[in-house]
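Peer 1: Sequence plus the predicted model coming up.
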Amino acid sequence: MLHINFPIVLLSALIPLLVGVVWYSPKVFGNFWMKAAGISPNKPSPAQMAKTLILLVVLSIPLAFVLQFLVIHQFHFYSMLAHYPDLMVEGSEIRAFYDSTMERYGMEFRTFKHGAFHGSFSGLLLAMPIIAINGLFEQRNWKYVLIHTGYWMLCMGLMGGLICAFPGA
């Protein structure tokens with residue numbers, strides 16, 4: 001049976017933290033972002049920064065968990081058969097069908113490149129509209145939207161690539 005690779009999901013949840021340190025640094029997009037967001041360059045207190053970074057990782061865990069269902073096609077095959085009560089019964093006809101199909105096609109499209117494509121595309125089609133809608137109501141400019149969209153496309157691409165490349169245990 002297809003299993004969730006929890007260590008890889010947890011590891012991929014660190015990607016937004018690591019990418020964010022670079023992406024939002026003053027040498028990359030930090031100054032543009034602060035200006036577009038109307039944020040002063042004053043540094044937050046160490047306690048506030050620690051809280052923010054911890055919450056970033058915690059909130060990235062459910063994102064990574066859901067992302068695996070977008071980048072690993074084999075989960076879709078399982079979901080098509082999940083309503084059959086005998087799917088979990090060894091030796092049943094539906095279980096034999098599932099096992100033989102997974103034996104033959106279970107590693108199809110399980111590459112970093114494929115996961116990165118679907119992750120980035122998810123960032124474009126899921127994260128960007130949400131960021132843009134919030135930006136419209138907050139009266140932000142498009143620079144603000146594009147900076148955040150690029151960040152999430154990169155993060156979700158790297159997360160998707162990592163998740164897709166490592167099969168579940």
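Peer 2: The structure has been received and is ready for your questions.
Peer 1: rest of the way, CA atoms for contacts and neighbours
Peer 2: Fine.
Peer 1: Look up how far residue 109 lies from residue 23.
Peer 2: The gap separating residue 23 from residue 109 is 29 Å, by Cα to Cα, to the nearest Å.
Peer 1: ugh, wrong one, residue 153
Peer 2: Per Cα to Cα, residue 153 is found 20 Å from residue 109.
Peer 1: which one of those two has more residues nearby?
Peer 2: More crowded of residue 153 and residue 109, by other Cα atoms under 10 Å: residue 153, with 24 against 16.
Peer 1: ok, how many other residues are close to the closest residue to residue 67 other than its chain neighbours?
Peer 2: Setting aside the residues directly before and after it, residue 67 is nearest to residue 160 in space (Cα to Cα, 6 or more residues apart in numbering), at 6.5 Å. By the criterion of other Cα under 10 Å, residue 160 has 32 neighbours.
Peer 1: Please apply the same query to residue 79.
Peer 2: What residue 79 shows, counting by other Cα under 10 Å, is a neighbour count of 10.
Peer 1: Quick check: phi and psi on the nearest residue to residue 30 once chain neighbours are set aside?
Peer 2: Closest residue to residue 30 apart from its sequence neighbours, by Cα to Cα, 6+ apart: residue 24 at 4.0 Å. Recorded main-chain torsions at residue 24 are phi -100, psi 20, according to degrees, to the nearest 10.
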